[in-house]
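Chemist: kindly generate the corresponding structure for this input.
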Amino acid sequence: MKTVLSVFVLLALVCGAAMAADISGKWLSERTMKTPDGEERTITSTLDLKADGAKLTGTVTTSFGQGGQGRTVEIQDGKIDGNKVSFTTVQQGRNGEMKMKWEATVDGNEMKGTQAREGAPEGRSFPFTAKKQ
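Modeler: Numbering: from 1, shown residues only. The predicted structure follows:
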């Protein structure tokens, strides 16, 4: 009985490590939003992720519009739980520091989730889809 349990535990660890390995790499997300003056803007985010067990590190580079300059921020508090990832990014905005909470589910080469500003009202999150490059 101990041998069977040991095999299941080992298998779970191996599967968890395999899932984490799939998260590492570059992921590209593009979405269109409307500015307050009605203009449409494309926001491109490149997530450069590195999995280490249940820990997630890396950077997010975001650019706005055609030829827009990118802004790169470090991932903080990155976590991996099976095929779910979560992390926070912090950047300086017009009104001071802005924290964004990212949560997503990874399915093969696709990641779907939400990005929400810390302290924003319920339901004020932005959906995103990223494809592994």
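Chemist: secondary structure element for the residue most central in space within the chain?
Modeler: For the chain, the residue nearest the mean C-alpha position is residue 102 (5.4 Å; C-alpha atoms, centre = their mean). Secondary structure assignment for residue 102, by DSSP states H and E: strand 96-107.
Chemist: neighbouring strands for that strand, and are they parallel or not?
Modeler: According to DSSP bridges, strand 96-107 forms sheet pairs with strand 84-93 (antiparallel), strand 110-117 (antiparallel).
Chemist: so the residue nearest to the centre of the chain versus residue 56, what's the distance?
Modeler: According to C-beta to C-beta, to the nearest Å, residue 102 stands 10 Å off from residue 56. Quick note: C-beta positions are derived from backbone N, CA and C, even for glycine.
Chemist: which neighbours do the two share?
Modeler: By C-beta atoms under 8 Å, 6 or more residues apart in numbering, residue 102 and residue 56 have these common neighbours: 85, 87.
Chemist: picking up where we left off before, these two touch, right, the residue nearest to the centre of the chain and residue 86?
Modeler: Yes: the criterion here is C-beta atoms under 8 Å, and residue 102 meets it with residue 86 at 6.5 Å.
Chemist: now the helices for this protein?
Modeler: With DSSP state H as the criterion, the chain has helices at 2-23.
Chemist: what stretches of it score poorly on pLDDT?
Modeler: 1-21, 65-69 (pLDDT under 70).
Chemist: and with 50 instead?
Modeler: Residue ranges of the chain with pLDDT under 50: 4-21.
Chemist: picking up where we left off before, dump the strands paired with strand 96-107 into a markdown table; add distance to residue 34 as well.
Modeler: Shown next, in a markdown table, are those (distance: least, C-beta to C-beta, whole Å):
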| stretch | distance to residue 34 |
| --- | --- |
| strand 84-93 | 19 |
| strand 110-117 | 17 |
